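**Student:** how would this look folded up:
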Amino acid sequence: MVMRDAVDGTEPTRLDLRELRDLERRHGYPYLVIHRSDPHGLLPRACDRAASSRSPTRG
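**Tutor:** Predicted structure coming up:
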């Protein structure tokens, strides 16, 4: 898996998924979780913008 910078397209990191085959043996879990806080904030912000654009204007 290749992760790229959204602005300039550089490759800050790469994850060789072949190394994940023995995750369950090494860590007790069959999968890997990668946490990034920015994507978690996108949905609530988009919902807020959508709701405010549909609100009637007071005047």
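
**Student:** Every contact and neighbour count from this point should use C-alpha atoms.
**Tutor:** OK.

**Student:** Where does the prediction get shaky in this protein?
**Tutor:** In the predicted model, the chain carries pLDDT under 70 at residues 32-35, 55-59.

**Student:** Which parts of it are strands?
**Tutor:** With strands called from DSSP state E, the chain shows them at 2-3, 13-14.

**Student:** Other residues contacting the last one?
**Tutor:** Around strand 13-14, the neighbours that count as contacts under CA atoms under 8 Å, 6 or more residues apart in numbering are Met1, Val2, Met3, Arg4.

**Student:** just to revisit the earlier point, right, so of the strands of the chain, which gets closest to Tyr29?
**Tutor:** Smallest distance to Tyr29 across those (CA to CA): 21.2 Å, for strand 13-14.

**Student:** That closest one: partners in the sheet, and parallel or antiparallel?
**Tutor:** In the sheet, strand 13-14 lines up against strand 2-3 (antiparallel) (DSSP bridges).

**Student:** count of residues packed around Asp16?
**Tutor:** The number of residues packed around Asp16, counting by other CA atoms under 10 Å, is 8.

**Student:** okay but it is in contact with Met1, surely?
**Tutor:** Yes. Counting by CA atoms under 8 Å, Asp16 touches Met1, with 6.3 Å between them.

**Student:** And the helices in the protein, which stretches?
**Tutor:** Here the chain has its helices, by DSSP state H, at 23-27, 37-54.

**Student:** Tabulate the CA atom coordinates of the shortest one in CSV.
**Tutor:** Output of helix 23-27 as CSV, limited to C-alpha atoms (Å, rounded to 0.1, in the frame of the first residue of the first chain):
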residue,chain,number,x,y,z
LEU,A,23,0.1,-10.4,12.1
GLU,A,24,-2.3,-12.7,13.9
ARG,A,25,0.6,-14.9,15.0
ARG,A,26,2.7,-12.0,16.1
HIS,A,27,0.1,-9.8,17.7
